[in-house]
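S.K.: this is a predicted model, with the sequence first.
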Amino acid sequence: MSDYEDILYDEYSFPQAHPSTVAAVAQIHGAPMRAHRGLRVLDLGCGCGSHLLPMAERDPEGRYIGLDLSRAQIAVGEGMVHATGLENVQLMAGDIRDLSSELGRFDLIVCHGVYSWVPPDVRAAILRVLRQHLAAHGVAFLSTNMLPGWRSRGTLRAGLLRHVDPTLPPREKIDAARRVLDFWADAAQRDTAGFGPFLTEELRALQKASDSYLLYEHLAPLNEPMWFSDLHRAFGKAQLSYLGDACLAIHAPLGDVSEQRLRGLASSLAASEELRDLATHRMFRRSLLVHRERVIDREVHWRRLEGLYFHTALRPTKDGGYQSSKGLRFQTSSAVERAILDTLSDTAPRLLPFDEIVERVGERRAAVGKILLGLTARGLILPLAHDMGIAAALPTRPRATKIARFQAEHRPRVTNLRHESIEMPRSAQCVLRHCDGTRDPGALADHLAQDLAQGKAEILVEGEPVQDRPSIEEAVDLALDALHHSAMFLQG
Ligand SMILES: C[S@@+](CC[C@H](N)C(=O)[O-])C[C@H]1O[C@@H](n2cnc3c(N)ncnc32)[C@H](O)[C@@H]1O
């Protein structure tokens, strides 16, 4: 029996593998994908369906199919489908190697967190499925652990595998691994030279990681990172072409001198990508693949941004720079770069279409387009093919998706309208579960008061729990503001 039956994989949605992001990025890479409503999407190794279900709810005319070997995870996903009444989702327990050839073709096939962790015959089956089941203009998303980055991270895995008995039940394996990690992290911090700081940082991060990450990434029987050239060869053998990465920033220029040297060293796209992986000590890739027959125009032009929508996590700081809540920092003296970032920040959480950015910045279309492309290529601005239906202003009676409301009640994280998995404060999650479009802030305060009385919610003021009406109303206002800025509420 697989450990997945006992300890479920953490539930996340992946914005880079959402059809709207994949379509936007594929368009920039030079092989557009169909991205209208009514998509057919397949998720191989879908876990509990946490990536698939929020996409399905937003595309009721589409068909969303997930396959996973773990019956326990499929059962959890089916529970969520049942609770939310989604009718366009099918979750199947089964092996990728046995997938029926009658399943038809898909606009998008996602395989996240599987390929590096399964034996060679399953890897071959994954690529076979991508080839057989991808629509002519479809795009596949395949994530993999990469070399050389994982060679370093793999030190932790190798150490844990040597000192944790693989025959233990999953829970005991995790506890044993944590004891090794505690010893190792404490001892390693004494070494302040050489690899000591790297090891200490990696060990500290792993100490904080979830049980499921520890079990399935570091204690998994298989975890095979690969060199890009080998991966590229496997794509070719399966008659698939590498389009580019779903995360545009990995293609960002290395600097003039390095780019010139790279051109002198690399005789092919595969060699060039692998040298970039060397330069950045790459650990992970999210490859986008298309049928070999497709013509890919790799000459990226700013005009490819026309028709797309944009957002940024960066916000202006007091010192004149920009910073995201996750610590990304950016400084620029370019007036157009600043105008673009300020415009996106001022209008958030709404996504802005290309034309509106040009109009608001008030410069020539080509000038704005080129600079926007530069910011997008560095991952500072993210493109999407749709506006995602995000409310521009806080609605009087806010409405979140059914999945988000379900997650707010039963899960530690919720999926927002940009398909990001986010953790909200507990009081915000309590408010979110009642945001079905019928309740104004007063009615939401009534519900929060009931939840407080039943011990389902808690409001803390200076560390003390409170239940008086003014505090409840203030908590609702704060929660609604945070939820709105986190792109949780639908338009109209
Ligand atoms: C690390 S989890 C990733 C889950 C999800 N895609 C994600 O990224 O959150 C790997 C998943 O692949 C599934 N899996 C492994 N081998 C499989 C196979 N041969 N056929 C179908 N699913 C498989 C496991 O059951 C597990 O749910």
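M.R.: In hand now; what should we look at?
S.K.: in the stretch 51-200 of the chain, which residue sits closest to the ligand?
M.R.: Proximity of the stretch 51-200 of the chain to the ligand (CB to the nearest ligand atom) peaks at Gly113, 3.1 Å away. From N, CA and C alone the C-beta is placed, and that goes for glycine too.
S.K.: how many other residues sit next to the residue lying closest to Leu127 once chain neighbours are set aside?
M.R.: Sequence neighbours aside, Ala238 is the residue nearest to Leu127 in space, at 3.6 Å (criterion: CB to CB, 6 or more residues apart in numbering). Counted with other CB atoms under 10 Å, the neighbours of Ala238 add up to 18.
S.K.: again, but for Gln491
M.R.: 14.
S.K.: try His311
M.R.: Counted with other CB under 10 Å, residues neighbouring His311 total 22.
S.K.: related to what we said a few turns ago, secondary structure class for the nearest residue to the residue of the stretch 51-200 of the chain closest to the ligand once chain neighbours are set aside?
M.R.: Closest residue to Gly113 apart from its sequence neighbours, by CB to CB, 6+ apart: Ser143 at 6.0 Å. Using DSSP: H, G, I helix; E, B strand; the rest coil as the criterion, the local structure at Ser143 reads strand.
S.K.: retrieve the pLDDT associated with Ser143.
M.R.: Ser143 carries a pLDDT value of 98.
S.K.: bridging residues for it?
M.R.: Beta-bridge pairing for Ser143 (DSSP bridges): Arg286.
S.K.: check contacts around it.
M.R.: Contacts for Ser143 (CB atoms under 8 Å, 6 or more residues apart in numbering) come out as Ala17, Cys111, His112, Gly113, Val114, Tyr115, Phe284, Arg285, Arg286, Ser287.
S.K.: doesn't Gly30 make contact with Glu299?
M.R.: Yes. Counting by CB atoms under 8 Å, Glu299 touches Gly30, with 7.3 Å between them.
S.K.: what about the two, which has more around it?
M.R.: Gly30 (18 against 7).
S.K.: can you tell me the closest non-neighbouring residue to that one?
M.R.: Ranked by CB to CB, 6+ apart and with sequence neighbours excluded, the top spatial neighbour of Gly30 is Asp297, at 4.0 Å.
S.K.: with Gly38 instead?
M.R.: Spatial nearest neighbour of Gly38, chain neighbours left out: Glu61 (3.9 Å); criterion: CB to CB, 6+ apart.
S.K.: assumed that neighbour was part of a strand.
M.R.: No. Under three-state DSSP, Glu61 sits outside any strand and is assigned coil.
S.K.: is it in contact with His36, as I believe?
M.R.: No. Contact between Glu61 and His36 fails when scored by CB under 8 Å: they sit 9.2 Å apart.
S.K.: okay, those two: which has more neighbours?
M.R.: His36 (13 against 9).
S.K.: quick one: the residue nearest to Gly38 from Leu39, how far?
M.R.: 9 Å (CB to CB, to the nearest Å).
S.K.: about what we covered before: mind listing what the residue nearest to Leu127 touches?
M.R.: Applying CB under 8 Å, 6+ apart to Ala238 gives the contacts Ala124, Leu127, Arg128, Leu130, Arg131.
S.K.: residue numbers of the stretch 51-200 of the chain in contact with the ligand?
M.R.: By CB under 6 Å from any ligand atom, the residues of the stretch 51-200 of the chain that approach the ligand are 67-70, 73, 95-97, 112-114, 117-118, 122.
S.K.: closest one of these to Thr376?
M.R.: His112 (22.4 Å; CB to CB).
S.K.: is it true that that closest one touches His51?
M.R.: Yes. Between His112 and His51 there is a contact under CB under 8 Å: 6.6 Å.
S.K.: so these two - more neighbours on which side?
M.R.: Applying other CB under 10 Å to His112 and His51 shows that His51 carries more neighbours, namely 26 against 21.
S.K.: could you chop the chain up by domain?
M.R.: According to automatic domain parsing, the chain comprises the domains 3-147+225-291, 149-218, 302-384, 402-485.
S.K.: got the end-to-end distance for the last one?
M.R.: With CA to CA, to the nearest Å applied, domain 402-485 spans 19 Å between its terminal residues.
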